[in-house]
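J.: sequence and predicted structure below; questions after.
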Amino acid sequence: MDSAEPLFAGIDIGESRASTGFYTADGRCAAYEIARFAIRSPRHGWAEYDPEEWSAAVLKSWRRAQEKGLDASQVAAVGLTGRRHLAFLNECAEPALPAIGEQDRRANAYPGKIRWAMRRTAGKKRIQWVCFAKDYIGMKLCGEVCSDPLSFAGLVRWRTGRARPRRLSSVGLRPSQLPRMTVSFRNSGYAAKEAREAFGVEIGIPVIVGRSDPLGRALGVGAASNGSAFACLDAPAAVGIAGRGGRVFHRQLPLRERRAKLERLLGFKLPAVSVPSAREAIEDAPPILPLSGESWESAWIAAAHDLDANALRTAFWEASAYETAARIESLALKACAPPSSLAVSAADQNSLYAHFTAYALGVQKLRVSEYPETAALGAAMLAAVGHGTHETPEDAVRVMSPHKAPALSLERSRQTQARRALYKQAASERS
C-alpha cells in the first residue's frame, strides 16, 4: 500500500464493543480493530452505559491499529455509525445521566426511552442535548453535537431535519435540545486539537456525522441502489431494502431472542455450530416451521419429537430465511422498489439463510461482501463521500464494497419452489 495513500476511518459503536476500520478509496482494508466496553443493568431489563467508556473503547481500538503500523496522519476523514444508544448531555457536553441502550426495555422505541428519562429524572433541567452514541463520539472528535435526520426519524422530518414540535413536546424535549441536523455524509465538524493529541489525526480533517447501525451495515454489504435488499445476521440482526433517493427501509429481526425462546421450549440447546450450509439443507431438508404467528411455539414442540437437534437447527435457519424474505417484501411495498438483489456479509457466503432468502425473494443476484464486519466499512464510505473522494453513497458502494461470488449456487429446483409455495401458504394462513 502506498504510504501516502489517503485512508478513511469508520467507527461503529455496537452493543458492547467499538469497532474501528481503516479503508482506502477503493475499499481495501488497511486495519480493523475492536475494543469492548461495559453494559450495566441496575434493574431487570435495563441496559445503561457510561458514554466515556465508548470514547475509551474507540481510542483503544484506534491505537491497536496504530500498533500494527498504521499511520494516523494518512486519515483523510472519519465516518461514524452505531447502535441507537441514547446519551444525555449537560451544557458542557458532558454526560448528565447514564446512557440508555437501544436494547433497554423501559420502552420499545427510542422516543419512549427519551420520555422515560425526561419525566423520571429530577435533574432533567441539566439536559442540554440528547444524542446517540455515534453523535457523542463525533462531539469528542470535533467539539460539536451533530446528528442525521434518519437517526432521529419520528422526532424530525427525515428529508429536511426540521423538528416536529408536537412530537418533541410529547417526549418532553425542546427543539434546542436536539443536535444540529445534517445529511449523513456531511460534516459534523472538523477534528480539533484534542483529536490530534489523542488519535494522531491532522487537525481540520472532516468528521462525518454518519448513520445508525443498520443503515451503515446496509452500505457496507453493498445495498445502496434502488431495490437492493440486505440481510445482516450480526446482532442486532437487521433486514431491509434501499428505495429511491437513497432512503433505506429496515427492520430488526429478533433471531437471537427467537432461538433462546425455542431452546427454552424444547428444553435443550441446539448445536452451537454456525448457520448450516445450503447443501446440507437441500440434501436432507426438514419441514418448514414458522417462527412467527400465534402457534409457532407449538409447531416447534411438535416437530421436536420427529427431528434431531441438527435437523431442528437447519429448520430454524430456513424458517428465518423465509421470515426475512417476508419482511423485506413488506418493506419493498413501502419503498415502491421490488427487490432486485440481495446483499449479505462474508459470514453468510454459503449459508442456508442467505441462499433461501434469495430464493424466497425471487432475486437473481446474491452479493456477498468480502468483509464479515460491515458497519465500520459503511461509515468509512460516508467519510469518503463527505471528503469528496466519491460523489454519492451509491458511488462509494460501487467502488468500496468488494464482493465475491457465493460459494454455492443452488439450482431453482422443483423442491425449492415447492418449499417456497408451502411457506407462502403458511404465511397467508397466519395473516
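T.: The structure has been received and is ready for your questions.
J.: low pLDDT regions in this structure?
T.: 1-3, 122-125, 272-287, 349-350, 407-419, 423, 426-427, 429-431 (pLDDT under 70).
J.: which helix or which strand is home to the nearest residue to G138 once chain neighbours are set aside?
T.: Nearest non-adjacent residue to G138, counting by CB to CB, 6 or more residues apart in numbering: S188, 4.5 Å away. Using the backbone N, CA and C atoms, a C-beta is placed for each residue, glycine as well. Element membership for S188, per DSSP states H and E: strand 187-190.
J.: and that strand, what other elements does it pack with?
T.: helix 133-142, strand 146-147, strand 206-212 (3 or more CB pairs under 8 Å, 6 or more residues apart in numbering; DSSP states H and E).
J.: need these in a markdown table (columns: distance to R327 and mean neighbour count).
T.: Listed next are the helices and strands packed on strand 187-190 as a markdown table, based on distance: least, CB to CB, whole Å; neighbours: other CB atoms under 10 Å:
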| stretch | distance to R327 | mean neighbour count |
| --- | --- | --- |
| helix 133-142 | 25 | 27 |
| strand 146-147 | 26 | 26 |
| strand 206-212 | 18 | 30 |
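J.: so what's R115 up against?
T.: 107, 170-172 (CB atoms under 8 Å, 6 or more residues apart in numbering).
J.: residue ranges of the strands in the stretch 151-300 of the chain, please?
T.: In the stretch 151-300 of the chain, the strands defined using DSSP state E, counting those that start in this stretch lie at 180-181, 187-190, 206-212, 228-232, 238-242, 248-252.
J.: closest to I137 out of those?
T.: Across those, I137 has its closest neighbour in strand 206-212 (8.9 Å, CB to CB).
J.: contacting residues for the residue nearest to G138?
T.: Taking CB under 8 Å, 6+ apart, one finds 80, 135, 138-139, 142, 144, 146-147, 180, 182, 207-209 in contact with S188.
J.: turn the residues you listed into a markdown table, including distance to P6.
T.: Formatted as a markdown table, the contacts of S188 follow (distance: CB to CB, whole Å):
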| residue | distance to P6 |
| --- | --- |
| L80 | 18 |
| D135 | 25 |
| G138 | 20 |
| M139 | 24 |
| C142 | 19 |
| E144 | 23 |
| C146 | 23 |
| S147 | 26 |
| R180 | 27 |
| T182 | 23 |
| V207 | 15 |
| I208 | 14 |
| V209 | 20 |
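J.: that older thread, buried set for the strand holding S188?
T.: Judged by neighbour count using 16 or more other CB atoms under 10 Å, the buried positions of strand 187-190 are 187-190.
J.: quick check on the closest residue to Y190 other than its chain neighbours: phi, psi?
T.: Closest residue in space to Y190, ignoring its immediate chain neighbours: G204 at 4.9 Å, by CB to CB, 6+ apart. Torsion angles at G204 (phi, psi; degrees, to the nearest 10) stand at phi 100, psi 0.
J.: okay, now G204: neighbour count?
T.: G204 has 12 neighbouring residues, counting by other CB atoms under 10 Å.
J.: surely it is in contact with A191?
T.: Yes. Between G204 and A191 a contact is recorded at 6.2 Å, counting by CB atoms under 8 Å.
J.: in a markdown table, list the helices and strands packed on strand 187-190 along with distance to G220.
T.: Formatted as a markdown table, the helices and strands packed on strand 187-190 follow (distance: least, CB to CB, whole Å):
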| stretch | distance to G220 |
| --- | --- |
| helix 133-142 | 14 |
| strand 146-147 | 20 |
| strand 206-212 | 11 |
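J.: out of these, flag the one nearest L382.
T.: strand 206-212 (5.0 Å).
J.: what's that closest one packed up against?
T.: Judged by 3+ CB pairs under 8 Å, 6+ apart, strand 206-212 is in contact with strand 75-82, helix 133-142, strand 187-190, helix 375-387.
J.: run the last query once more with 10 Å
T.: strand 7-13, strand 75-82, helix 133-142, strand 146-147, strand 187-190, helix 213-221, strand 248-252, helix 375-387 (3 or more CB pairs under 10 Å, 6 or more residues apart in numbering; DSSP states H and E).
J.: so what's the residue most central in space within the chain up against?
T.: In the chain, the residue lying closest to the centroid (CA atoms, centre = their mean) is P214, at 2.6 Å. Neighbouring residues of P214 by CB atoms under 10 Å, 6 or more residues apart in numbering: 81, 83-84, 230, 232, 236-240, 248, 250-252, 375, 378.
J.: kindly recompute the last result at 8 Å.
T.: If you count contacts by CB under 8 Å, 6+ apart, then P214 has 232, 236, 238, 240, 248, 250, 252 around it.
J.: which helix runs longest in this structure?
T.: Identified as the longest helix of the chain according to DSSP state H is helix 309-335.
J.: distance from the chain centre to the helix or strand just after it, please.
T.: Next along the chain after helix 309-335, taking DSSP H and E as the criterion, comes strand 341-344. The chain centroid and the centroid of strand 341-344 are separated by 15 Å under CA atoms, centre = their mean, to the nearest Å.
J.: check which helices and strands strand 341-344 sits against.
T.: If contacts are counted by 3+ CB pairs under 8 Å, 6+ apart, strand 341-344 sits against helix 213-221, strand 228-232, helix 352-361, strand 366-369.
J.: okay if I get those as CSV plus distance to A343?
T.: Formatted as CSV, the helices and strands packed on strand 341-344 follow (distance: least, CB to CB, whole Å):
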stretch, distance to A343
helix 213-221, 4
strand 228-232, 5
helix 352-361, 10
strand 366-369, 4
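J.: nearest to R120, out of those?
T.: Proximity to R120 (CB to CB) singles out helix 213-221 among the helices and strands packed on strand 341-344, at 26.6 Å.
J.: what's the angle between that closest one and strand 206-212?
T.: Between helix 213-221 and strand 206-212, the angle comes out at 110 degrees (axes from the mean of the first three to the mean of the last three CA atoms, to 10 degrees).
J.: coming back round to it: got the CA coordinates for the strand holding S188 in CSV?
T.: Output of strand 187-190 as CSV, limited to C-alpha atoms (Å, rounded to 0.1, in the frame of the first residue of the first chain):
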residue,chain,number,x,y,z
ASN,A,187,-19.6,17.1,8.2
SER,A,188,-20.5,17.3,11.9
GLY,A,189,-17.3,19.4,12.2
TYR,A,190,-13.6,19.2,11.9
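J.: what lines up beside that strand in the sheet?
T.: Paired neighbours of strand 187-190 in the sheet (DSSP bridges): strand 206-212 (antiparallel).
J.: quick one: the partner strand to chain centroid distance?
T.: Chain-centre distance of strand 206-212: 14 Å, with CA atoms, centre = their mean.
J.: what comes into contact with it?
T.: Residues from elsewhere that reach strand 206-212 (CB under 8 Å, 6+ apart): 77-84, 132, 134-135, 138, 141-142, 146-148, 150-151, 182-191, 195, 216, 219, 378-379, 382-383, 385-387.
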